[in-house]
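Peer 1: Quick one, fold the following:
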Amino acid sequence: MTQDVILLSYTKYGDHDAVLHCFCKQNGFESLFAKGIYAPKNKKKAFLFPLNELSIQTSHKKKNIRNVLKIEQNKSDLFSSDIRKNSILFFVSDLLNQILRNENQNSQIYSEISVFLEELKKDNFQSHLIFIVRLLKLQGLQPLYSEQDFLNPESGHFEHIQSHHLFDKEMSAVWKQLLIADHPYSVKLNRAEKQNFMDSVLVYFHYHISDFREPKSLEVIKEIF
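Peer 2: Okay, here's the model as predicted:
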């Protein structure tokens with residue numbers, strides 16, 4: 001079978017092989033075995049880049065994993081020498097590799113990842129923050145909007161009393177804005193809002209995603225932004 005996938009991560013296996021962890025348009029999260037992709041003459045190893053959009057032909061499943069028969073890149077303009085874009089790609093791929101592990105086919109999430117990538121290509125350097133809110137919505141984990149001033153990250157409700165030091169009136173207002181915006185990727189956040197929103201998102205994830213761990217690439221993205 002041939003399907004479109006987004007590469008989340010990969011693990012080298014032996015000298016020449018790799019296991020690719022992908023979010024597939026048809027199957028959701030799936031690991032695939034790419035035999036010989038690290039062989040000296042195999043140029044396809046250049047495709048192993050976070051959130052690369054690929055077309056992969058696979059065999060029937062054997063021993064709980066499909067073998068990659070053919071791999072091609074769907075889009076040729078993702079690779080970038082911009083350290084800011086690369087740090088965002090690594091961060092989002094780290095995040096998705098963790099929280100989409102049990103996700104089955106979900107065309108909305110797949111499409112939203114593509115939207116995020118297009119925004120990043122257009123130099124939207126807060127697109128990863130907007131994408132996180134969109135992802136929460138698509139997974140049914142978004143906060144429940146109300147007119148109250150303070151978001152309680154544990155309950156996911158807005159309340160009249162502040163319950164967490166990161167979720168003051170100003171940061172709760174940012175969450176509200178992103179939740180109800182018709183065009184969320186066009187919302188502009190200043191530097192302080194970006195940093196504080198990132199911190200608040202991680203707190204929210206800890207409450208709502210089982211066994212959530214902060215991505216290893218978090219420190220890099222914090223230093224750059």
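Peer 1: Put the alpha carbons of the longest strand along the chain into CSV.
Peer 2: Longest strand in the chain by number of residues, with DSSP state E as the criterion: strand 2-13. C-alpha atoms of strand 2-13 as CSV (Å, rounded to 0.1, in the frame of the first residue of the first chain):
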residue,chain,number,x,y,z
THR,A,2,1.1,3.6,-0.6
GLN,A,3,0.2,6.4,1.8
ASP,A,4,1.1,9.9,2.7
VAL,A,5,2.9,10.3,6.0
ILE,A,6,4.5,12.9,8.2
LEU,A,7,7.7,11.8,9.8
LEU,A,8,7.8,12.4,13.5
SER,A,9,11.0,10.7,14.5
TYR,A,10,13.2,7.8,13.6
THR,A,11,15.5,5.3,15.3
LYS,A,12,18.6,3.9,13.6
TYR,A,13,18.6,0.1,13.7
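Peer 1: Listing partners with orientation, what would you give for it?
Peer 2: The strands that strand 2-13 pairs with in its sheet are strand 17-24 (antiparallel), strand 53-58 (antiparallel) (by DSSP bridges).
Peer 1: What distance do you get for the closest residue to Lys12 other than its chain neighbours to Leu48?
Peer 2: Excluding its sequence neighbours, the residue lying closest to Lys12 (CB to CB, 6 or more residues apart in numbering) is Ala18, at 5.2 Å. (Glycine included, C-beta is placed from N, CA and C.) According to CB to CB, to the nearest Å, Ala18 stands 7 Å off from Leu48.
Peer 1: Quick check: neighbours shared by the two?
Peer 2: 10, 37 (CB atoms under 8 Å, 6 or more residues apart in numbering).
Peer 1: Would you list the phi and psi of Phe197?
Peer 2: Backbone torsions of Phe197, given as degrees, to the nearest 10, read phi -70, psi -40.
Peer 1: give me every residue that touches it.
Peer 2: 129, 171, 174-175, 189.
Peer 1: Could you export those residues as TSV, including secondary structure, distance to Lys222 and pLDDT?
Peer 2: TSV is the format used below for the contacts of Phe197 (DSSP: H, G, I helix; E, B strand; the rest coil; distance: CB to CB, whole Å; pLDDT from 0 to 100):
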residue	secondary structure	distance to Lys222	pLDDT
Leu129	helix	12	96
Met171	helix	17	98
Val174	helix	17	97
Trp175	helix	19	98
Leu189	coil	15	95
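Peer 1: Can you say which two of those residues are spatially most distant?
Peer 2: Largest separation among the contacts of Phe197 by CB to CB: Leu129 and Met171, giving 12.2 Å.
Peer 1: Thr58: how many residues sit nearby?
Peer 2: Thr58 sits with 22 neighbouring residues when counted by other CB atoms under 10 Å.
Peer 1: Show the contacting residues for it.
Peer 2: 1-3, 32, 66-69.
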